[in-house]
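K.L.:
Here's a sequence, model it:
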Amino acid sequence: MTGVLVTGGTGKTGSALVGLLRGDGVPVRVAGRHPSGDDPDAVRFDWNDPTTHPAALRGMDRVFLVPPVNAVDPMPLVGPFLAEAQSLGVRRVVLLGSAIVLPNAPSALEMAARVRARPGGVVLRASGFMQNFLSPHPVGERILGHGEIRTAAGEGAVGWIDARDIAASAFALLADPCVEPDSRRDYLLTGPQALNYRDAAAIITARTGRPVRVVTISTEEQAANYRAAGMPAEFAAAIAEVEDGIRRGLQDQVSTAVLDLTGRPPRTFAEFVQDHATAWAVKGRGEH
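P.N.:
Coordinates of the predicted model:
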């Protein structure tokens, strides 16, 4: 049997990719920590349990690789997995990397280099997810409960991208095993326009009628917010520091990679908001 192993198969990008692959008749294996008993293609996969990796990989010739979430140092887990994939004959690995490099986290760069160096390895460097503005992400939770975005990013802009467009880009690289991807380059995946948080808040307000304000805070306050949301302390600090980079313009970038890979432009933030307009409808007690 050949097919695509989708790690993070029930996540924002993975679930969209699974739908596209199935719609095209591509055999798929949906990997996750809590596989659905109703899905015959679901398999248990846990980054922290290497014994689950061989069974997930066996028989698959392509892999969509979503690294461990909330991890500053993913290589101790991903490195052995890549070695196992190679030993089992996996021909293509498409890594969902990030355009946003965490401070003091060289392991993520090493992981991308490892994928890039192997035959059939491709790195997708995705910008910030539009889905971050939805619950259960802390940004989305704050909007839902309090009608506000708290940020240390100032007026810095991000080329926000819809996870569905990331999935479509990955699909273009994974659907046909006979099409050889260009492993000489990374694909920077962004939306069509870079927006700051005030721009995003204004679009949500205009499209949904839900007033959303932006509150400027420090990176230290943001780190505390992320810790309170359940993130590990080291990761929370790194994510908060990313906002300082956004403030300095490091993520103000837009590419044509989605169009190049899929043949259609990425969704705008306004289109994303329109598609999820009811997501911000419930007002929390803390709003005033």
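K.L.:
I'd like the average pLDDT over the helix or strand harbouring residue 5.
P.N.:
Element membership for residue 5, per DSSP states H and E: strand 4-6. Averaged across strand 4-6, the pLDDT comes to 98.
K.L.:
Which elements pack onto that strand?
P.N.:
Contact analysis of strand 4-6 by 3 or more CB pairs under 8 Å, 6 or more residues apart in numbering; DSSP states H and E lists helix 12-23, strand 28-32, strand 62-65 as its packing neighbours. For the C-beta atoms, the positions are set from N, CA and C on the backbone; glycine is no exception.
K.L.:
what are the ranges of the strands in the stretch 1-150 of the chain?
P.N.:
4-6, 28-32, 42-44, 62-65, 92-98, 121-126, 148-151 (DSSP state E, counting those that start in this stretch).
K.L.:
Repeat that for the stretch 151-288 of the chain.
P.N.:
187-189, 213-216.
K.L.:
With mean pLDDT added, can I get the ones you listed in JSON lines?
P.N.:
Converted to JSON lines, those look like this (pLDDT from 0 to 100):
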{"stretch": "strand 187-189", "mean pLDDT": "97"}
{"stretch": "strand 213-216", "mean pLDDT": "98"}
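K.L.:
among these, which is the most enclosed?
P.N.:
Ranked by mean neighbour count, those are led by strand 187-189 with a mean of 23 (mean count of other CB atoms under 10 Å).
K.L.:
ok, residues contacting that one?
P.N.:
99, 122-127, 161, 165-166, 169, 253, 255, 257-258, 260-261, 266 (CB atoms under 8 Å, 6 or more residues apart in numbering).
K.L.:
If we use 6 Å, what do you get?
P.N.:
Applying CB atoms under 6 Å, 6 or more residues apart in numbering, the contact partners of strand 187-189 are 99, 124-126, 161, 166, 169, 255, 257-258.
K.L.:
So what are the sheet partners of it and their directions?
P.N.:
The sheet places strand 187-189 alongside strand 121-126 (parallel), with pairing taken from DSSP bridges.
K.L.:
Extract the residue ranges of the stretch 101-250 of the chain that are flagged as low pLDDT.
P.N.:
183-184 (pLDDT under 70).
K.L.:
okay, now the residue nearest to residue 182 when sequence neighbours are not counted: neighbour count?
P.N.:
Nearest non-adjacent residue to residue 182, counting by CB to CB, 6 or more residues apart in numbering: residue 122, 7.6 Å away. Applying other CB atoms under 10 Å, we find 24 residues neighbouring residue 122.
K.L.:
how about the strand holding residue 5: buried residues?
P.N.:
Within strand 4-6, the residues that count as buried by 16 or more other CB atoms under 10 Å are 4-6.
K.L.:
same deal with stretch 29-47?
P.N.:
Applying 16+ other CB under 10 Å to stretch 29-47 flags 29-32, 35, 41-43, 45-47 as buried.
K.L.:
Next one: residue 179 from residue 46, what distance?
P.N.:
For residue 179, the distance to residue 46 equals 31 Å [CB to CB, to the nearest Å].
K.L.:
sorry, that was for residue 68
P.N.:
Taken as CB to CB, the span from residue 68 to residue 46 is 10 Å.
K.L.:
now do residue 186
P.N.:
Using CB to CB, one obtains 28 Å as the distance from residue 186 to residue 46.
K.L.:
Equivalent analysis for residue 40, please.
P.N.:
Residue 40 is 20 Å from residue 46, by CB to CB.
K.L.:
Just say which of the helices and strands packed on strand 4-6 is most tucked in.
P.N.:
For the helices and strands packed on strand 4-6, the highest mean count by mean count of other CB under 10 Å goes to strand 62-65, at a mean of 26.
K.L.:
Pairing partners for that strand, with directions?
P.N.:
Counting by DSSP bridges, the strands paired with strand 62-65 are strand 4-6 (parallel), strand 92-98 (parallel).
K.L.:
Which strands or helices does the biggest helix by length in the chain pack on?
P.N.:
When the chain is parsed with DSSP state H, its longest helix is helix 233-247. Packing partners of helix 233-247 (3 or more CB pairs under 6 Å, 6 or more residues apart in numbering; DSSP states H and E): helix 219-228.
K.L.:
I'd like to know which elements the helix it packs on is packed against.
P.N.:
Here helix 219-228 touches helix 233-247, going by 3+ CB pairs under 6 Å, 6+ apart.
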